[in-house]
Structure formats: structure tokens, C-alpha cells
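Undergrad: Quick one, what's the 3D model for this:
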Amino acid sequence: MENQVRISRQDPNRQLGFLWGAVATGLVALTPLATRLAASVPACPFRSILGLPCLTCGSTRAALALSRLDLWTAVTLNPLAAAGWLTLVAGGLVAGVLALIGTPLREPSWRLSMPIRLALVLVILANWVYLVVAGI
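TA: Numbering: from 1, shown residues only. Just a heads-up that it's a prediction; the model follows:
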């Protein structure tokens, strides 16, 4: 038994799993109130000043569509935000369950190479071009 590694409740990676799981659970629990909560979100200042959508325009409406389980509408409003919301909630629920059963999250052992970083920047820019062209 001495060779067995024990994971304490104070393990930072396990605490991260609990925190991420709590955030995802909170988002799911607040789904019935989503429309009321979104009504208090101010208008986009970037769009108000420049007349163009910002990188995150449509994110609130995409989140509301996801709360209604309307994946198609969420993706058409802001594809990157919809993917981000899905990743946040699904990953958080998985991380919370893993923390509950005693499995800590592992830090990635890889680093993003320059071509992958460039590709991510291009994906973000492509998403923004989509928002401008679609008139979001």
C-alpha cells in the first residue's frame, strides 16, 4: 500500500476540477434564467462605436440558443463562441466528475508550436470575418 500514490483533497489539479465542474454545473443550473440574465447584458461598445461586430458579438445569443439546445442557431450566431461554450460546459462536467472520483486533472505535457499558434489566430480571424459578412 505504501507504493500507491494517494491524491489528497488539497491537490491543486483536483481543486481545479472541482472549480471547473462547479462553474459548468452553475451554468447548467442557471439555464432557466438565461433569458432574464441576458437582458441585463449591455450593448457591444465596439459595435456601437465602429459599426462592426467585435470578436465576441453573438456570444450571448449563441449561449442562449445553446440553453434551448438549439445547436444550429448557436453555431450560426458565432461558431467559435458556440464551440467555446460547449467545451466549457462539457469539459467542466467531466472535470467535476473526475475530481469527485479522485482523479486530478493533468496539465498538458505539450506546448503549442508556432504553426499551431498561427492557425489559432487565423481561426479567430476567420470567425470574425464570418461575423462581419453574416451581419451578426
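Undergrad: contacts and neighbour counts: CA atoms only from here.
TA: Noted.
Undergrad: contacting residues around the helix or strand bottoming out on mean pLDDT in the chain?
TA: Within the chain, confidence by mean pLDDT, DSSP states H and E is lowest for helix 34-38 among all helices and strands, at a mean of 80. Contact partners of helix 34-38, identified using Cα atoms under 8 Å, 6 or more residues apart in numbering, comprise 60, 64, 67.
Undergrad: The first one: how many residues sit nearby?
TA: As a burial measure, T60 scores 20 neighbours (other Cα atoms under 10 Å).
Undergrad: Only the buried residues of the following helix or strand past the least confident helix or strand of the chain, if you could.
TA: Using DSSP states H and E, the helix or strand that directly follows helix 34-38 along the chain is helix 45-50. Within helix 45-50, no residue counts as buried by 16 or more other Cα atoms under 10 Å.
Undergrad: for whatever helix or strand V123 lives in, packing partners?
TA: When elements are assigned from DSSP H and E, V123 belongs to helix 114-134. Under the contact criterion of 3 or more Cα pairs under 8 Å, 6 or more residues apart in numbering; DSSP states H and E, helix 114-134 touches helix 79-100.
Undergrad: how many other residues sit next to A62?
TA: As a burial measure, the neighbour count of A62 was computed by other Cα under 10 Å and equals 26.
Undergrad: picking up where we left off before, same question for the least confident helix or strand of the chain: list its buried residues.
TA: When neighbours are counted by 16+ other Cα under 10 Å, the buried residues of helix 34-38 are found to be 34-35.
Undergrad: Same check on stretch 24-31?
TA: Buried residues in stretch 24-31 (16+ other Cα under 10 Å): 24-25, 27, 31.
Undergrad: can I have stretch 63-74 written out in PDB, keeping just the CAs?
TA: C-alpha atoms of stretch 63-74 as PDB (Å, rounded to 0.1, in the frame of the first residue of the first chain):
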ATOM      1  CA  ALA A  63     -25.200  30.900 -25.300                       C
ATOM      2  CA  LEU A  64     -29.000  31.500 -25.100                       C
ATOM      3  CA  ALA A  65     -29.500  29.200 -28.200                       C
ATOM      4  CA  LEU A  66     -27.400  26.500 -26.500                       C
ATOM      5  CA  SER A  67     -29.500  26.800 -23.400                       C
ATOM      6  CA  ARG A  68     -32.500  26.000 -25.500                       C
ATOM      7  CA  LEU A  69     -30.400  23.100 -27.000                       C
ATOM      8  CA  ASP A  70     -30.600  24.800 -30.400                       C
ATOM      9  CA  LEU A  71     -27.100  24.000 -31.700                       C
ATOM     10  CA  TRP A  72     -27.600  25.100 -35.300                       C
ATOM     11  CA  THR A  73     -28.700  28.700 -34.200                       C
ATOM     12  CA  ALA A  74     -25.800  28.900 -31.800                       C
END
